[in-house]
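Colleague: Sequence first, then the predicted structure:
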Amino acid sequence: MDFDTPVLDNHLHLDPEHGQGIEAVKDFARAGGTHLLVVNKPSWTLGIDVDEPEDFRAVFETTIDVVEEASEVLDGRAWPVLGVHPGLISQLTERGFTPSAAGELMRAGLDVAAEYVPSDGLALKSGRPHYEVSDAVWEESNRVLRHALALGADNDCAVQLHTEASEDLTDITEWADERGLPAHRVVKHYAGGRLAGPMPSVMSEKERLRKAAEAGDSFLMETDFIDDPERPGAVLGSKTVPRRVRWLREEGFDDAVRNAHVETPRQVYGIETLG
């Protein structure tokens, strides 16, 4: 399916060993997709137990390698987004780490991720739990998140966030501003159609997309495709963004399509999807 517009999925995962891997990229391309931001899977879903900062390197390099292969399949290209999933703090505390020790390891993992920016990695990933946690875990998670924002400022790159569902995350963009990272370079993954604070990366469901398109503000589109054979129906499939682009254009939202796939990627990441 050919479009006269680039089509970017801003957040999906690829697992070349256990999941569909490049076959998912081929499905995306056949449906009309041209560009991808591939976020490393959580370390534990790749079978990697993290005990020290260098253990994260295998997670990041798996993603960098599959991105190189994906770029060979696409008419455009793919980029890696590297970081530490906020749910890791629960994995670590269940294994006996204190919240403080878990947070220290996660911040060190983000330092390793930042070593790959900008030569191999386009942006960083962090966040805080979207589920109920103790006060100690919540406070430590916010320390990790603030460290990621500081790294984004230091490395002049965007930071994608996995957080609780909300239409107002201005607390986070205030932290970013304090550290020198502009609000438009803080991206809320799995966003709804409206969001105060970070740049919304809108889940590609029609209701959410219509709300974002009608608002006329900057936004991105994503699937959060997880590439997990044990959860085949989880989140959205890799073909969804191209299909939703076609639907948006049928609904008369051509400006919103250009916004999400050309102008906002340029604004947030400094990438060109045209040409």
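Modeller: Everything's here; your move.

Colleague: List of residues touching the longest helix belonging to the chain?
Modeller: Looking across the chain with DSSP state H, the single longest helix is helix 135-155. Contacts of helix 135-155 from elsewhere in the structure, counted by CB atoms under 8 Å, 6 or more residues apart in numbering, are 83-84, 86, 89-90, 93, 99-100, 102-103, 106-107, 110-111, 113-114, 117-118, 123-129, 133, 158-159, 161, 172, 175-176, 179-181, 185-186. (Each C-beta comes from the backbone N, C-alpha and C, glycine too.)

Colleague: Just the ones of these in strands?
Modeller: Under the assignment DSSP state E, the contacts of helix 135-155 contribute 83, 123, 124, 125, 126, 127, 159, 161, 186 to strands.

Colleague: ok, and the closest non-adjacent residue to the last one?
Modeller: I take that to be residue 186. Sequence neighbours aside, residue 198 is the residue nearest to residue 186 in space, at 4.2 Å (criterion: CB to CB, 6 or more residues apart in numbering).

Colleague: so how many other residues sit close to that neighbour?
Modeller: Neighbour count for residue 198, taken as other CB atoms under 10 Å: 26.

Colleague: likewise the one 3 residues further on?
Modeller: Applying other CB under 10 Å, we find 26 other residues in the vicinity of residue 201.

Colleague: doesn't it fall inside a strand?
Modeller: Yes: Residue 201: assigned to a strand according to DSSP: H, G, I helix; E, B strand; the rest coil.

Colleague: who's it bridged to?
Modeller: Beta-bridge pairing for residue 201 (DSSP bridges): residue 220.

Colleague: Surely it touches residue 190?
Modeller: Yes: applying CB atoms under 8 Å, one finds residue 201 in contact with residue 190, separated by 7.2 Å.

Colleague: where do the contact lists of the two overlap?
Modeller: Common contact partners of residue 201 and residue 190 (CB under 8 Å, 6+ apart): 11, 222.

Colleague: where does residue 32 sit relative to residue 76, distance-wise?
Modeller: Counting by CB to CB, to the nearest Å, the gap from residue 32 to residue 76 is 11 Å.

Colleague: Flag the shaky bits of the stretch 1-150 of the chain, pLDDT-wise.
Modeller: For the stretch 1-150 of the chain, the stretches with pLDDT under 70 are 1-2.

Colleague: what ranges do the helices span in it?
Modeller: 22-30, 56-73, 88-94, 99-115, 135-155 (DSSP state H, counting those that start in this stretch).

Colleague: Mind putting those into TSV with distance to residue 50 and mean neighbour count?
Modeller: What follows is the helices of the stretch 1-150 of the chain, written out as TSV (distance: least, CB to CB, whole Å; neighbours: other CB atoms under 10 Å):
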stretch	distance to residue 50	mean neighbour count
helix 22-30	25	19
helix 56-73	6	18
helix 88-94	7	19
helix 99-115	7	20
helix 135-155	13	20
